[in-house]
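1. Test case, fold it:
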Amino acid sequence: MHVFNKEELSKTGYENNTAFSSHRPFLEYIVEFLYKNKNNEKLNILECGTGDGSSSYFSKITKDGKAKVWGVEYFNTPPASWYDNMKKKYENENYKITLEEQGLSVKGTPYYKKIESFYDLIFVDTGGYDNRANWVKESAGRCACVILHDSEHMHRFKPWLLDFVNENFEFVYDTWPTINPGTLFASTVDLECNFQYEGRFNDMPDAKEHKETPNPLINQ
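-> Numbers count the residues shown, from 1 in each chain. You can find the predicted model right below:
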């Protein structure tokens, strides 16, 4: 079993002192694990929300021929022009980044029909926590593994999503509260590592829980 050093990771939890990349040690391990588990065949990955932490890594492995990645981005407001910058810095033949219209929901949106039936990995780190929750829900039955960044938000405000993940994936792991921001990853195969999910950890017990928002784009 691969053992992440919890003591070392808890001191930083991320590369180059940027919390935006706290998922990187786990993202890298999972990609390599899935790649070997697939007998070194190219992985099919969906990235829900681009960023330097994940996109720089996806750009590298796609150039190396290890994966095909579709990066979904929602934001392109100047002066940051996030989509333009991510596309310019990281896109290549095997890594395509598209700008889509964001809402709370995934199912029923114009880009929904472009989502493939199965991915080896779905990485969720979009803007908007309700949107992230809906991406995770959409991933069930559609991927071997899903990774959710900033999992502490779900512990604090959306315990129903934690229940959903544990009901729909056989193997669940979560780095919160050892690492902040936390990263939750769930899989249909044993990822053979520590950080097994140990239940909800809410460090803000007085905070009001956020009920699930119905999807207005589909019939309930």
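
2. From now on I want contacts and neighbour counts done on CA atoms only, so please keep to that.
-> Will do.

3. Rounded mean pLDDT for the top helix by length along the chain, please.
-> If you go by DSSP state H, the chain has its longest helix at helix 24-37. In this model, helix 24-37 has an average pLDDT of 96.

4. again with stretch 185-199
-> For stretch 185-199, mean pLDDT is 97.

5. swap in stretch 207-217?
-> In this model, stretch 207-217 has a mean pLDDT of 87.

6. now for the longest helix of the chain, which elements pack on it?
-> Under the contact definition 3 or more C-alpha pairs under 8 Å, 6 or more residues apart in numbering; DSSP states H and E, helix 24-37 sits against helix 52-63.

7. just to revisit the earlier point, what pairs with the following helix or strand past the longest helix of the chain, parallel or antiparallel?
-> The first helix or strand that comes after helix 24-37 along the chain, using DSSP states H and E, is strand 43-48. With DSSP bridges as the test, strand 43-48 is paired with strand 67-73 (parallel), strand 119-124 (parallel).

8. Wait, a helix at Gly199?
-> No. Under DSSP: H, G, I helix; E, B strand; the rest coil, Gly199 falls outside any helix and is assigned coil.

9. Report the separation between Tyr173 and His155.
-> 13 Å (C-alpha to C-alpha, to the nearest Å).

10. burial count for Asn39?
-> 8 (other C-alpha atoms under 10 Å).

11. which residue ranges form the helices in the protein?
-> Ranges of helices in the chain, per DSSP H, are 6-11, 24-37, 52-63, 82-90, 129-139, 152-157, 159-168.

12. any low-confidence regions in this structure?
-> In the predicted model, the chain carries pLDDT under 70 at residues 12-19, 219-220.

13. Tell me who's in contact with Phe155.
-> If you look again at residue 155, you'll see it is His, not Phe. Residues near His155 by C-alpha atoms under 8 Å, 6 or more residues apart in numbering: 162, 200-202.

14. coming back round to it: closest one to Lys107 among the helices of the chain?
-> helix 129-139 (7.6 Å; C-alpha to C-alpha).

15. quick revisit: please produce JSON lines containing the strands paired with strand 43-48, extended by mean neighbour count and distance to Thr213.
-> Listed next are the strands paired with strand 43-48 as JSON lines, based on neighbours: other C-alpha atoms under 10 Å; distance: least, C-alpha to C-alpha, whole Å:
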{"stretch": "strand 67-73", "mean neighbour count": "23", "distance to Thr213": "22"}
{"stretch": "strand 119-124", "mean neighbour count": "24", "distance to Thr213": "18"}
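
16. Which one, of these, ends up nearest to His210?
-> Nearest of the strands paired with strand 43-48 to His210, taken as C-alpha to C-alpha: strand 119-124 at 19.0 Å.

17. re the thing from before, now tabulate the helices of the chain in CSV and tack on distance to Ser187.
-> As requested, those are exported to CSV (distance: least, C-alpha to C-alpha, whole Å):
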stretch, distance to Ser187
helix 6-11, 21
helix 24-37, 10
helix 52-63, 19
helix 82-90, 27
helix 129-139, 10
helix 152-157, 18
helix 159-168, 9
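
18. about what we covered before: what lies in contact with the longest helix of the chain?
-> So helix 24-37 is in contact with 14-15, 41-43, 53-54, 57, 66, 120-121, 147, 191, going by C-alpha under 8 Å, 6+ apart.

19. Okay then, goodbye and thanks.
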